[in-house]
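# Next one to model:
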Amino acid sequence: MNASSVATDLLPAIQSAESDPLPEAVIEAICQKGCRQVHDDIARLEQNDSVPEARGLSHAQRVRLLAELRAIMAVYEGRRGLE
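Okay, the predicted model is just below:
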């Protein structure tokens, strides 16, 4: 995934964030599970599957959650490449 595709994925998420906010606690809870599990959760969300932390979120919030997780992992993986 390149920076351009991350930006494209985030645009709808940013546009709808004000009308249907995504709880930060959901992102934090998923990220606390570690990289491997975050990747697994991303894959599940990409298949329109659910993850426990996303229960109760609207469709728009789940779309933004997926975009946020992709962006976080892209940054993290970019940093790992610098080490």
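# Do a quick rundown of the helices in the chain.
Under the criterion DSSP state H, the chain contains helices at 3-16, 24-31, 35-46, 59-82.
# Give me the contacts around the second one.
Outside of helix 24-31, the residues that reach it under the criterion Cβ atoms under 8 Å, 6 or more residues apart in numbering are 37-38, 41, 51, 53-54, 57, 65, 68-69, 72. For the C-beta atoms, the positions are set from N, CA and C on the backbone; glycine is no exception.
# hmm, which of the residues you listed are the buried ones?
If you count burial by 16 or more other Cβ atoms under 10 Å, the buried members of those come out as 38, 41, 51, 53-54, 57, 65, 68-69, 72.
# just curious, which of the residues you listed is nearest to residue 22?
Nearest to residue 22 among the buried ones among the contacts of helix 24-31: residue 65, at 6.0 Å, using Cβ to Cβ.
# Touching, that closest one and residue 57? I think so.
Yes. Assessed by Cβ atoms under 8 Å, residue 65 is found in contact with residue 57 at 6.6 Å.
# Can you check which residues contact both of those two?
22, 26.
# re the thing from before, comparing the helices of the chain by mean pLDDT, which bottoms out?
Looking at these, the lowest mean pLDDT belongs to helix 3-16 (a mean of 54).
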